[in-house]
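*Asks:* I would like the atomic coordinates for the input below:
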Amino acid sequence: MLKTRAVRLLAISDLHLSSAVNRDALSALPAFPRDWLIVAGDVAERLGTVARAFATLAERFARVIWVPGNHDLWAIAEDGGVPLAGQARYEALVALAREHGVLTPEDPYVEWPGAGDPVTIAPLFVLYDYSFRPAHVAREEVVGWARAGRAVCADELYLDPAPFASREAWCAARLASTRRRLDALPRGRRTVLVNHFPLRADLVRIPRVPRFAPWCGTRQTEDWHLRYDALAVVSGHLHVRRTDWRDGTRFEEVSLGYPRQWNQALGMAHYLRQILPHPGREARATRPSSGAGSRAT
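*Replies:* Residues are numbered from 1 along each chain as shown. Below you'll find the model as predicted:
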């Protein structure tokens with residue numbers, strides 16, 4: 001008698017579907033009708049492209065869970081209209097997701113249907129506040145300091161935080177609302193935390209542009225993997241696929257990236273990272289219960 005394969009929780013981010021190569025790869029992605037998929041942000045800059053991606057993925061997976069990336073939030077005019085910015089843009093993305101049955105950070109957290117103790121999947125929308133910068137760099141000096149190291153972030157032009165006064169203020173508001181929801185989880189409930197931006201500064205290692213770090217997260221989330229009993233933390237943004245361990249928690253950077261950053265001959269399916277059940281969980285017992293470890297993928 002054949003054994004039925006367990007339902008899997010898979011993850012990918014940074015599809016960047018403004019690229020025709022990436023759009024073709026999504027079209028060629030096979031169906032995984034029993035599995036769930038996390039899409040950890042940066043689907044596309046245009047709402048129409050995001051909507052088509054949601055429709056495609058919702059047809060091919062049993063459940064899709066999405067969090068916004070910075071590119072998704074860019075205030076870009078479409079069809080000659082006035083661009084949606086900030087909170088209005090985010091709300092439009094949430095509405096698109098819901099039209100296709102895609103779960104968002106504004107929806108109730110869901111429980112993983114796999115075997116074992118309950119695990120809550122928590123999609124988050126937490127921005128950055130420039131606190132990943134070095135201690136000697138003042139906030140008002142960040143852009144110039146980064147540019148001197150050949151790092152430039154287009155968010156400074158396109159990520160309008162309206163109605164908030166700044167991206168830091170928007171980040172602070174998202175931190176407060178997200179903490180309230182996570183704090184309401186049952187004590188001891190294991191979680192999978194999902195955010196586009198890394199939750200820890202020590203996970204930001206981008207050798208090609210090391211001074212890009214200020215646009216990569218907030219130090220306010222540094223201990224969330226412990227505070228909220230995370231089995232795994234899923235993020236993207238860095239375009240550096242890797243697995244890291246901190247304090248016994250697995251951190252997965254699951255970016256696809258731009259065409260030059262992945263092998264098209266392998267197809268998009270190759271880059272779907274399995275989060276649950278953890279394929280190497282038997283190895284976890286041999287890992288230290290605290291400290292750091294990592295591997296590039």
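*Asks:* what's residue 193 sitting at in phi/psi?
*Replies:* Dihedral angles of residue 193 (phi, psi; degrees, to the nearest 10) stand at phi -90, psi 130.
*Asks:* could you measure from it over to residue 93?
*Replies:* 20 Å (C-beta to C-beta, to the nearest Å). All C-beta spots, glycine's among them, are computed from the backbone N, C-alpha and C.
*Asks:* so where do the helices sit in this protein?
*Replies:* 20-28, 47-60, 86-99, 142-148, 155-158, 167-183, 224-227, 281-284 (DSSP state H).
*Asks:* now the ones you listed in CSV, with distance to residue 77 and mean neighbour count?
*Replies:* Converted to CSV, the helices of the chain look like this (distance: least, C-beta to C-beta, whole Å; neighbours: other C-beta atoms under 10 Å):
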stretch, distance to residue 77, mean neighbour count
helix 20-28, 21, 15
helix 47-60, 11, 18
helix 86-99, 12, 17
helix 142-148, 24, 15
helix 155-158, 11, 14
helix 167-183, 20, 16
helix 224-227, 36, 18
helix 281-284, 47, 10
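*Asks:* what's the span of stretch 180-196 from first residue to last?
*Replies:* 19 Å (C-alpha to C-alpha, to the nearest Å).
*Asks:* what's the offset of that stretch from the middle of its chain?
*Replies:* Distance of stretch 180-196 from the chain centroid (C-alpha atoms, centre = their mean, to the nearest Å) equals 16 Å.
*Asks:* what about residue 7, how many residues nearby?
*Replies:* Residue 7 has 17 neighbouring residues, counting by other C-beta atoms under 10 Å.
*Asks:* right, and it touches residue 37 too?
*Replies:* No: contact criterion C-beta atoms under 8 Å: residue 7 and residue 37 do not qualify, at 11.4 Å.
*Asks:* what sits closest to residue 152 if chain neighbours are left out?
*Replies:* Of all residues not flanking residue 152 in the chain, residue 146 sits nearest, at 6.8 Å (C-beta to C-beta, 6 or more residues apart in numbering).
*Asks:* ok so, going back, wait, which of the helices of the chain is closest to residue 212?
*Replies:* Residue 212 lies closest, by C-beta to C-beta, to one member of these: helix 142-148, at 6.8 Å.
*Asks:* pLDDT of that closest one, averaged?
*Replies:* In this model, helix 142-148 has a mean pLDDT of 95.
*Asks:* likewise stretch 120-138?
*Replies:* Per-residue pLDDT over stretch 120-138 has a mean of 97.
*Asks:* then stretch 277-288?
*Replies:* For stretch 277-288, the per-residue pLDDT averages 51.
*Asks:* check stretch 210-228 too.
*Replies:* For stretch 210-228, mean pLDDT rounds to 98.
*Asks:* repeat for stretch 90-99
*Replies:* Rounded mean pLDDT across stretch 90-99 is 98.
*Asks:* tell me the gap between it and the middle of its chain.
*Replies:* Its chain's C-alpha centre and that of stretch 90-99 lie 16 Å apart, by C-alpha atoms, centre = their mean.
*Asks:* now swap in stretch 17-24 and tell me
*Replies:* Put simply, stretch 17-24 sits 19 Å off its chain's centre (C-alpha atoms, centre = their mean).
*Asks:* how far out from the middle of the chain is stretch 222-238?
*Replies:* 11 Å.
*Asks:* and if you look at stretch 145-156?
*Replies:* 21 Å.
*Asks:* what of stretch 162-174?
*Replies:* Using C-alpha atoms, centre = their mean, the offset of stretch 162-174 from its chain centre is 19 Å.
*Asks:* repeat for stretch 193-211
*Replies:* How far stretch 193-211 lies from its chain's middle: 11 Å, per C-alpha atoms, centre = their mean.
*Asks:* which positions in it come out as buried?
*Replies:* In terms of neighbour count (16 or more other C-beta atoms under 10 Å), stretch 193-211 has its buried residues at 193, 194, 195, 196, 197, 198, 199, 200, 201, 203, 204, 211.
*Asks:* of those, which is the nearest to residue 33?
*Replies:* residue 194 (21.6 Å).
*Asks:* right, and the closest one touches residue 125 too?
*Replies:* No: if you go by C-beta under 8 Å, residue 194 and residue 125 don't touch, sitting 9.8 Å apart.
*Asks:* that's all I had, so thanks and see you.
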